[in-house]
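[1] Pasting a predicted model and its sequence here:
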Amino acid sequence: MSECPHIAELPRPEPAPHSDTCRECLTSGSNPVQLRMCLVCGEIGCCDSSPYQHATQHFKDTGHAVMRSFEPGESWRWCYVDGSIV
């Protein structure tokens, strides 16, 4: 893992999740694969293995750089800007 400048910009404490699943997948009738949570606003999206890649689309739409896994037992974080685990 590495540090990136976007970690220091994150709100503390971490935002509360907006839901318990990818709302965009529910709306489109798709099944999410591996959930991710935006660490800027708490939006939950599906990973890039899902058909619609909503977590990545959220980054593209908002510029919110850092997310973390929203899967039980996982705590790793990813920075879209730096392209690395942070």
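    Received, thanks.
[2] Now Asp20: closest residue in space that isn't a chain neighbour?
    Excluding the flanking residues, the one nearest Asp20 by Cβ to Cβ, 6 or more residues apart in numbering is Ile44, at 7.3 Å. The C-beta positions use only the backbone N, C-alpha and C, and glycine is treated the same way.
[3] same question but for Ala65, I mixed them up
    Leaving aside its sequence neighbours, Ala65 sits nearest to His6 (Cβ to Cβ, 6+ apart; 4.1 Å).
[4] go on, Ser28?
    Nearest non-adjacent residue to Ser28 (Cβ to Cβ, 6+ apart): Tyr52, at 6.5 Å.
[5] which SS state does that neighbour fall under?
    Using DSSP: H, G, I helix; E, B strand; the rest coil, the secondary structure recorded for Tyr52 is coil.
[6] re the thing from before, tell me which helix or strand the residue nearest to Ala65 sits in.
    Applying DSSP states H and E as the criterion places His6 in helix 5-8.
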